[in-house]
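Visitor: Structure for the following, please:
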Amino acid sequence: MAVRTSINNISFYLQMFENSVKSRSLPNAKTIHQHFLKNNTIYSSVILDKLTRVYISFHKLEHARQVFDEMPDTERKNNVLLWNQLIRAYAWEGPFDHAIELYVQMLQSGVTPNKYTYPFALKACSAVRDVELGKMIHERVKSELLDDDVYVCTALVDFYAKCGLLGDARQVFDKMSKRDVVAWNAMIAGSSLHGLYNETIGLVKEMQEVGLRPNSSTVVAILPAIGEACELKLGKAVHAFCLRRRYDGDVVVGTGLLDMYAKCECLDYTRRVFDLINVKNEVTWSAMIAACVACDSTMEALEIFDHVVKNDAHVSPIMLATVLRACANLTDINKGRWIHGYSIKLGFVSYLIVSNTLVSLYSKCGIIDDAMTFFNEMDVKDTVSFNTIISGCVQNGDAGVAINMIKNMRLFGINPDIETMIGFFPACSHLAALQHGACGHSYAITQGFTESTKVCNAIIDMYSKCGNVDIARLVFDQMHKRDLISWNAMILGYGIHGFGSEAVSLFEHMQTAGFDPDDVTFICLLSACSHSKLVAEGKHWFAAMIDKFQIAPRKEHYLCMVDLLGRAGLLNEAYRFILRMPFKPDVRIWSALLGACRIHKNVDLGEKISRNIQILGPESTGNFVLLSNIYSTAKRWEDAARTRVLQREKGFKKSPGCSWVEINGVVHAFVGGDRSHPQWLLINRRLDELLAAMKTLGYDGDYSFVLQDVEEEEKGHILLYHSEKLAVALADLSLTTGKSILVTKNLRVCVDCHTALKYMSTITNRAITVRDTIRFHHFKDGTCNCGDFW
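Guide: A predicted model of the protein is given here:
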């Protein structure tokens with residue numbers, strides 16, 4: 001039987017609830033509530049109202065909502081204040097969509113919001129970027145003639161600014177007849193949030209001109225913009241203002257100053273501010289750790305984190321994510337795994353900011369299998385999750401997986417954003433997957449991503465490395481805004497395709513357009529000169545780099561010059577150039593000259609260089625292969641065999657040649673002698689047909705590249721089954737007549753394949769492009785644009 005509460009009991013219970021709030025005793029409040037439920041008490045709406053407020057005060061919003069929902073509709077309808085309190089609680093603490101849901105329910109229940117309701121609802125809209133509902137609230141505000149209320153208008157300014165609609169925010173702000181400091185701060189914070197430094201500082205000046213003095217909230221609002229703009233002088237002036245106004249004792253202001261100095265790369269000032277903050281909260285500790293990571297003081301970041309853990313200070317998900325970034329920067333997988341376990345212990349591993357950073361950690365440490373396993377185990381994924389695993393796959397050479405991940409992303413209901421595409425295009429570049437890249441380009445255009453310079457730079461690089469430098473140039477010419485990376489990417493594109501003259505011309509055009517070259521520009525330019533045998537131009541620009549542009553050459557520049565001189569046959573000059581270098585040559589530089597010795601069959605110099613490489617320690621099997629090929633070309637078979645034996649004794653294994661070709665959106669991969677392809681019988685037959693046709697045109701296999709001790713006929717078959725020839729045969733079988741073929745190879749194309757591909761371009765009447773590790777080879781009508789110079 002239900003028991004109805006009396007008036008005396010109501011007063012008693014209300015007093016009990018009030019005592020629970022004053023003593024901050026949630027258990028007492030729950031005990032009273034349990035008493036009601038146990039005795040099946042029919043309690044008045046006054047008690048329900050009070051109990052809802054009690055749970056709100058203890059931040060137990062789920063309990064508050066349950067009690068609120070038990071109130072009769074008639075009672076709730078007249079209780080705007082309670083609706084406001086619950087909406088406000090959700091708007092501040094989340095889940096933010098619950099605040100929006102409650103606001104909509106309020107309207108549907110016939111409850112009329114007041115001027116305090118709208119700011120809470122707008123705050124929730126800004127948190128979830130619900131622009132549509134926010135604008136509907138704005139229209140309702142106008143209809144109720146509240147669009148001149150400073151409290152409501154400030155909330156509208158804050159909503160529009162946080163949603164990136166700064167024009168709308170400014171429009172509301174300018175129409176306000178009265179603006180207080182809070183309204184100015186909302187507009188200033190919005191400009192600062194979006195990195196608009198000049199506008200932010202301009203607003204602060206306007207504010208002071210109308211007689212309002214900035215407060216601590218103003219300072220907190222402008223510091224991020226100052227930091228992003230690296231305006232250290234102004235940052236110090238603001239710091240001095242804080243000292244005069246004694247704002248520096250405020251932990252929020254102190255943390256803001258700390259962050260500003262970190263963004264200005266002044267770690268010493270950052271430390272001083274941090275040390276002077278008497279009471280540090282979790283945000284302060286996180287900001288200091290992040291400052292150390294940003295300023296490359298990564299070990300110090302880990303030491304601070306260890307101090308936090310040792311002293312049982314509060315650790316937040318943001319702090320864990322920052323420390324995981326530090327571990328990734330150091331590739332410290334052991335510390336990273338420990339923090340992973342610590343995150344599980346704290347219950348933070350499911351937070352997206354932590355889980356996404358863990359995926360990044362494992363990827364950057366080269367453990368892509370662990371990254372993929374953890375990614376697949378994540379219950380919740382967002383765009384950042386997919387972007388992280390896609391870039392991780394590309395960094396670790398799993399470009400095919402990265403491309404498939406884009407498809408999975410769409411199936412997951414998440415649309416690729418700008419960062420996704422910046423990670424996607426390099427995957428297409430790696431595989432020379434032109435069709436996938438072109439589809440990505442189309443998607444980027446429809447989404448408006450090509451307004452981004454970074455996206456266009458990635459597209460230029462993709463087309464260049466997928467064999468279509470003309471379209472890369474078209475994208476370059478149509479860019480709304482270019483940066484230095486844009487010019488470098490286009491110069492590099494021309495270079496790897498052997499269009500050295502175009503690269504030099506573009507370099508000169510870059511300067512007339514007002515861009516000064518950097519060290520990377522000269523690496524691209526000198527490499528282009530090397531690939532096109534532009535020896536005079538290469539020497540000129542190397543000298544100009546030092547004398548005119550005041551850029552000190554790095555090893556990469558010397559490497560390009562050695563490559564340029566060596567490929568041109570100026571071996572002795574290249575050797576003397578190396579000896580005059582201001583630092584000790586490394587294996588890469590000697591290897592470049594060794595490769596030139598192979599091309600020009602200089603055995604004596606090749607042996608001398610090989611001895612230098614052996615002293616330094618060969619970095620890969622490539623140098624053994626080069627020397628062995630030099631001996632083979634000179635028919636010094638015993639020396640070639642001895643080099644191979646030495647290679648095996650040193651523990652180096654020759655990487656198998658691998659080629660891949662994209663046909664109708666599907667990438668097919670081959671290794672030398674590969675017979676595993678489903679269409680092997682057709683491929684083999686087509687290769688025999690091509691071999692017969694080539695022989696009638698005068699082809700004779702270069703058996704010096706077959707080092708096995710086998711009969712001449714068998715050597716011919718070994719040459720025939722090199723991976724790039726297998727790829728060309730499949731493409732010729734699969735593509736329509738006359739369509740060009742693009743093949744990518746993981747090693748430098750051998751002389752025999754280079755010769756054979758020239759014949760194949762004539763027989764198939766196709767343009768055949770092969771991208772090896774050095775450059776692009778464009779075969780057409782029996783010739784290659786490299787001029788047999790690679």
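
Visitor: Please, where are all the strands along the stretch 1-150 of the chain?
Guide: If DSSP state E, counting those that start in this stretch is used as the criterion, the strands of the stretch 1-150 of the chain fall at 3-4, 41-42.

Visitor: per-residue confidence averaged over the first one?
Guide: Same thing as strand 3-4. Averaging pLDDT along strand 3-4 yields 44.

Visitor: How about the last one?
Guide: Per-region confidence: strand 41-42 scores 53 on mean pLDDT.

Visitor: Flag the shaky bits of this structure, pLDDT-wise.
Guide: Counting by pLDDT under 70, the chain contains low-confidence ranges at 1-17, 21-23, 25, 29, 32-45, 617-655, 702-717.

Visitor: Count the residues that sit near residue 658.
Guide: Residues within reach of residue 658, counting by other CB atoms under 10 Å, total 17. The C-beta positions use only the backbone N, C-alpha and C, and glycine is treated the same way.

Visitor: Ok, residue 31 next?
Guide: By the criterion of other CB under 10 Å, residue 31 has 12 neighbours.

Visitor: Residue 243 falls within a helix, correct?
Guide: Yes: assessed by DSSP: H, G, I helix; E, B strand; the rest coil, residue 243 belongs to a helix.

Visitor: Now do the contacts for residue 699.
Guide: Contacts of residue 699 were listed using CB atoms under 8 Å, 6 or more residues apart in numbering, and they are 691, 755, 756, 759.

Visitor: ok, and what's touching the helix or strand where residue 219 lies?
Guide: Here residue 219 is covered by helix 216-228, with elements defined by DSSP states H and E. Residues from elsewhere that reach helix 216-228 (CB under 8 Å, 6+ apart): 181-182, 184-185, 188-189, 191-193, 195-197, 200-201, 204, 207, 214, 234-235, 238, 241-242, 245, 247, 250, 252-253, 256-257, 259-264.

Visitor: now swap in stretch 549-565 and tell me
Guide: If you take CB under 8 Å, 6+ apart as the criterion, stretch 549-565 is touched by 516-519, 522-523, 526-527, 529-530, 534-535, 538-539, 542, 545-546, 571, 573-574, 577-578, 581, 583, 585-586, 588-589, 592-593, 595-596.

Visitor: Take the contacts of residue 699 and keep only those in helices.
Guide: 691, 755, 756, 759 (DSSP state H).

Visitor: Tell me the buried residues in stretch 532-546?
Guide: 532, 533, 534, 535, 537, 538, 541, 542, 545 (16 or more other CB atoms under 10 Å).

Visitor: again, but for stretch 141-157
Guide: 141, 146, 147, 149, 152, 153, 154, 155, 156, 157.

Visitor: just curious, which of these is nearest to residue 101?
Guide: Closest approach between these and residue 101, by CB to CB: residue 155, at 18.8 Å.

Visitor: Now that closest one: closest residue in space, sequence neighbours ignored.
Guide: Ranked by CB to CB, 6 or more residues apart in numbering and with sequence neighbours excluded, the top spatial neighbour of residue 155 is residue 119, at 3.5 Å.

Visitor: Just to check, the one you found is in contact with residue 152?
Guide: Yes: the criterion here is CB atoms under 8 Å, and residue 119 meets it with residue 152 at 6.2 Å.

Visitor: what phi and what psi does the backbone show at the spatially most central residue of the chain?
Guide: Closest residue to the average C-alpha location of the chain: residue 419 at 5.8 Å, with CA atoms, centre = their mean. Dihedral pair for residue 419: phi -60, psi -30, per degrees, to the nearest 10.

Visitor: What distance do you get for it to residue 683?
Guide: 39 Å (CB to CB, to the nearest Å).

Visitor: Measure how buried residue 51 is and give me the count.
Guide: Residue 51 has 25 neighbours, counted by other CB under 10 Å.

Visitor: Test my guess that it contacts residue 66.
Guide: No: using CB under 8 Å, residue 51 is not in contact with residue 66, being 9.8 Å away.

Visitor: joint contacts of the two?
Guide: Here residue 51 and residue 66 have no joint contacts, going by CB under 8 Å, 6+ apart.

Visitor: in the stretch 151-300 of the chain, which spans are helices?
Guide: In the stretch 151-300 of the chain, the helices defined using DSSP state H, counting those that start in this stretch lie at 166-175, 181-193, 197-209, 216-228, 232-245, 251-263, 267-276, 282-294, 298-310.

Visitor: Turn those helices into JSON lines, including mean neighbour count.
Guide: Output for those, formatted as JSON lines (neighbours: other CB atoms under 10 Å):
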{"stretch": "helix 166-175", "mean neighbour count": "17"}
{"stretch": "helix 181-193", "mean neighbour count": "23"}
{"stretch": "helix 197-209", "mean neighbour count": "16"}
{"stretch": "helix 216-228", "mean neighbour count": "23"}
{"stretch": "helix 232-245", "mean neighbour count": "15"}
{"stretch": "helix 251-263", "mean neighbour count": "24"}
{"stretch": "helix 267-276", "mean neighbour count": "17"}
{"stretch": "helix 282-294", "mean neighbour count": "23"}
{"stretch": "helix 298-310", "mean neighbour count": "17"}
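
Visitor: For the ones you listed, could you give me a markdown table that also reports distance to residue 739?
Guide: Below are the helices of the stretch 151-300 of the chain laid out as a markdown table (distance: least, CB to CB, whole Å):
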| stretch | distance to residue 739 |
| --- | --- |
| helix 166-175 | 49 |
| helix 181-193 | 51 |
| helix 197-209 | 52 |
| helix 216-228 | 49 |
| helix 232-245 | 58 |
| helix 251-263 | 52 |
| helix 267-276 | 57 |
| helix 282-294 | 50 |
| helix 298-310 | 51 |
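
Visitor: out of those, which comes closest to residue 454?
Guide: helix 216-228 (17.1 Å).

Visitor: Now do the closest one and helix 251-263, the angle between them.
Guide: Inter-element angle recorded for helix 216-228 and helix 251-263: 10 degrees (by axes from the mean of the first three to the mean of the last three CA atoms, to 10 degrees).

Visitor: For residue 435, see how far away the closest residue to residue 239 other than its chain neighbours is.
Guide: Leaving aside its chain neighbours, residue 239 sits nearest to residue 257 (5.7 Å; criterion: CB to CB, 6+ apart). Here residue 257 is placed at a distance of 52 Å from residue 435 (CB to CB).

Visitor: Tell me the one among the contacts of residue 699 nearest to residue 616.
Guide: Within these, the smallest distance to residue 616 is 33.4 Å, found for residue 755 (CB to CB).

Visitor: Based on its surroundings, how many neighbours for the closest one?
Guide: A count of neighbours around residue 755, defined by other CB under 10 Å, yields 17.

Visitor: for residue 435, same thing?
Guide: 15.

Visitor: That one contacts residue 667, correct?
Guide: No: judged on CB under 8 Å, residue 435 makes no contact with residue 667 at a distance of 9.4 Å.

Visitor: Can you give me the buried ones in stretch 783-790?
Guide: Buried residues in stretch 783-790, counted by 16+ other CB under 10 Å: 784, 785, 786, 789, 790.

Visitor: Tell me which residues touch the residue nearest to residue 239, please.
Guide: By CB under 8 Å, 6+ apart, the residues touching residue 257 are 223, 235, 238, 239, 242, 248, 273.
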